[in-house]
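1. When you get a sec, could you give me coordinates for this:
(2 chains)
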Amino acid sequence: MTLSTTAPPIAEWVAALTEANNADPEISAHGKYFTCSYLLDMETHTFVVQLDRGKIVDIAVNPGPLDVAYQFAIKASADTWRNFGVRLPAPMYHGIWAASFQRDMKLEGDVLVLMQNLRCVTRQIELLRVVGVPV
Amino acid sequence: MSKISPVTGHYVDVDVDGLQYKVFYLENGTGQPLVCQHTAGCHNHQWRGLLEDEEITKDYRVIAYDLPRHGKSDPPENTEWWTEEYRLSADHYANFIVALVDALELENPIFMGSSFGGNIALQLALRRPDRFAGVIPVEGADYSPGFYLDWWQHPHANAAQVCASGVWDLMAPQSPDADRWKTWFYYSQGSEAFKGDLYFYSVDHDLREKLSEIDGDQCPVVMLTGDYDYLTTPGDSARTASQIRNAAFIEMKGIGHFPMSENHPVFRTYLIEALATLQSKARRLTPTS
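-> Residues are numbered from 1 along each chain as shown, chains lettered A, B, ... in the order given. This is a model prediction of the structure:
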């Protein structure tokens, strides 16, 4: 499902996602142990999101192969991510399970860490509906 | 003045396959029994909206039970169930439901279930078309592999949250937050049963070669599936219905895998259509005297 949107500049998006996450009531209430790092691979750009006790403390933009360590990865085409970054996503673009079962999303790396933080990661990905995606 | 719901709860003893169960069910309404099965790892509160839906309960006796090991229905009374891994089989699941409707002495019941309840609805239509006036499989299909996962009970993760958030994406984003979170809450309570239920859902249930054997004339089949369901898609249910004699499929828009629980106001419009379709099929096939 090809979607035409205007991507926000990367620096603005990094700031917007950080602010949205760090001010989110649900993540604030339940993110006491939400400490991990993960790769968001959006095909044309990659990001490593670093969490500490529920707060985003860093988002590395287009890191080199060995620049930044991460524990698990969420990978999909830019088109799939564009469909995530809208207020009301179409079916199968409404979550990482849906897109992994029915679209081209891949969950890789130490998936146990993803499962340990599933509630907060799920909420964090839904924040893309508000801040959009930079691809 | 207090508001007291007309929904009542009861327990009934059910003996099946050598196992003794004390089964809890909620009910409301009068008329033809409409027997409702919750989804895997959940319980009968998923049907809370339907149980108080006066337009339906004026014509149907809605009965929503907790499958043993769920909600207020305990595991078997007469075995050391804690010494065995729970894996629900199609045989035992179907036998239990028939034993339940027999224990309640229900005449011409319609069976409706969602997800693994939808799949067992198809099994009942195949196995006992003589015992049910029709079935409404919700989010059901002939085959639904891929969800019998170790993650549901991994000792290094919070199983309650993995189960609850693992099924979150099965709901549509436009369903009301309060109802989606109630459904999430129910799922945080059922992780021990969830995986064993999914043994039936994703492993033991496979009707791909048997759909043509379902007597949809004797037991009409009307299937409902939401377009946000990534596990059993509308395409899966449409494919299934197309191979069952006298079956119908209705796609539900803007709703997901737990329609009765995540958004009853939307679900009910499709359910009313499904019940009318089912009654129409049943009437068409009833011999006139």
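
2. per-residue pLDDT, the residue in the stretch 101-250 of chain B positioned nearest to chain A?
-> At 3.0 Å from chain A, residue B:169 is the closest residue in the stretch 101-250 of chain B, using Cβ to the nearest Cβ. Where you see a C-beta, it was placed from the backbone N, CA and C, and this is true even at glycine. Note on residue B:169: pLDDT of 95.

3. Now do the strands in chain B.
-> For chain B, the strands defined by DSSP state E cover B:8-16, B:19-28, B:32-37, B:60-65, B:110-114, B:134-138, B:222-226, B:248-252.

4. Which residues are in contact with residue A:31?
-> Each residue near residue A:31 by Cβ atoms under 8 Å, 6 or more residues apart in numbering or on different chains is listed here: A:51, A:53, A:54, A:55, A:120.

5. Looking at these, which are in strands?
-> A:51, A:55.

6. Kindly indicate which of the contacts of residue A:31 lies nearest residue B:81.
-> Of all the contacts of residue A:31, residue A:120 has the smallest distance to residue B:81: 34.4 Å, by Cβ to Cβ.

7. burial of whichever residue of chain A sits closest to chain B, as a residue count?
-> Here chain A gets closest to chain B at one residue, residue A:95, 3.0 Å apart by Cβ to the nearest Cβ. A count of nearby residues for residue A:95, using other Cβ atoms under 10 Å in any protein chain shown, gives 23.

8. Who are the contact partners of the residue nearest to it when sequence neighbours are not counted?
-> For residue A:95, ignoring the flanking residues on the chain, the nearest one in space by Cβ to Cβ, 6 or more residues apart in numbering or on different chains is residue B:169 at 3.0 Å. Counting by Cβ under 8 Å, 6+ apart, residue B:169 touches A:94, A:95, A:96, A:97, A:98, A:122, B:230.

9. out of the residues you listed, what pair is the most spread apart?
-> A:122 and B:230 (13.8 Å).

10. Need the residues touching each of these two.
-> Here residue A:122 and residue B:230 have A:95, B:169 as joint contacts, going by Cβ under 8 Å, 6+ apart.

11. What's the first helix or strand after the lengthiest helix in chain A?
-> For chain A, the helix with the greatest residue count under DSSP state H is helix A:10-22. Sequence order places helix A:25-30 as the next helix or strand after helix A:10-22, per DSSP states H and E.

12. Is any residue of that following helix near chain B?
-> No. Contact of helix A:25-30 with chain B (Cβ under 8 Å from any Cβ of the partner chain) is absent, the minimum separation being 8.9 Å.

13. Which positions in chain A make contact with chain B?
-> Proximity of chain A to chain B (Cβ under 8 Å from any Cβ) is limited to residues A:88-89, A:91-92, A:94-98, A:101-102, A:111-112, A:115-116, A:118-119, A:122, A:126, A:129.

14. What's the per-residue pLDDT of residue A:78 here?
-> For residue A:78, the predicted pLDDT is 98.

15. Contacts only, for it.
-> Applying Cβ under 8 Å, 6+ apart to residue A:78 gives the contacts A:42, A:43, A:44, A:135.

16. got a winner among those residues for most neighbours?
-> Going by other Cβ under 10 Å, residue A:42 tops the contacts of residue A:78 with 22 neighbours.

17. do you know how far that one is from residue A:135?
-> Distance, residue A:42 to residue A:135, using Cβ to Cβ, to the nearest Å: 4 Å.

18. overlap in contacts of the two?
-> Shared contacts of residue A:42 and residue A:135, defined by Cβ under 8 Å, 6+ apart, are found at A:78, A:81.

19. Residues of the stretch 151-289 of chain B that sit close to chain A?
-> Contact residues (Cβ under 8 Å from any Cβ) of the stretch 151-289 of chain B with chain A: B:151, B:154, B:156-158, B:161-162, B:164-166, B:168-170, B:172-174, B:227-228, B:230-231, B:233.

20. Show me which of the contacts of residue A:31 is closest to residue B:133.
-> Nearest member of those to residue B:133, counting by Cβ to Cβ, is residue A:120, at 46.4 Å.

21. ranges for the helices of the stretch 101-250 of chain B?
-> Using DSSP state H, counting those that start in this stretch, the helices found in the stretch 101-250 of chain B span residues B:116-127, B:159-166, B:177-187, B:191-199, B:234-242.

22. Adding mean pLDDT, distance to residue B:213 and mean neighbour count, write these out as JSON lines.
-> Putting the helices of the stretch 101-250 of chain B into JSON lines (pLDDT from 0 to 100; distance: least, Cβ to Cβ, whole Å; neighbours: other Cβ atoms under 10 Å in any protein chain shown) gives the following:
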{"stretch": "helix B:116-127", "mean pLDDT": "98", "distance to residue B:213": "6", "mean neighbour count": "26"}
{"stretch": "helix B:159-166", "mean pLDDT": "96", "distance to residue B:213": "34", "mean neighbour count": "22"}
{"stretch": "helix B:177-187", "mean pLDDT": "98", "distance to residue B:213": "34", "mean neighbour count": "18"}
{"stretch": "helix B:191-199", "mean pLDDT": "96", "distance to residue B:213": "23", "mean neighbour count": "23"}
{"stretch": "helix B:234-242", "mean pLDDT": "98", "distance to residue B:213": "13", "mean neighbour count": "19"}
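
23. Reformat these as JSON lines; add distance to residue B:72.
-> Conversion of these to JSON lines gives the following (distance: least, Cβ to Cβ, whole Å):
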{"stretch": "helix B:116-127", "distance to residue B:72": "17"}
{"stretch": "helix B:159-166", "distance to residue B:72": "18"}
{"stretch": "helix B:177-187", "distance to residue B:72": "13"}
{"stretch": "helix B:191-199", "distance to residue B:72": "13"}
{"stretch": "helix B:234-242", "distance to residue B:72": "30"}
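
24. now for the ones you listed, which one comes closest to residue B:7?
-> That would be helix B:177-187 among these, by Cβ to Cβ, at 15.7 Å.
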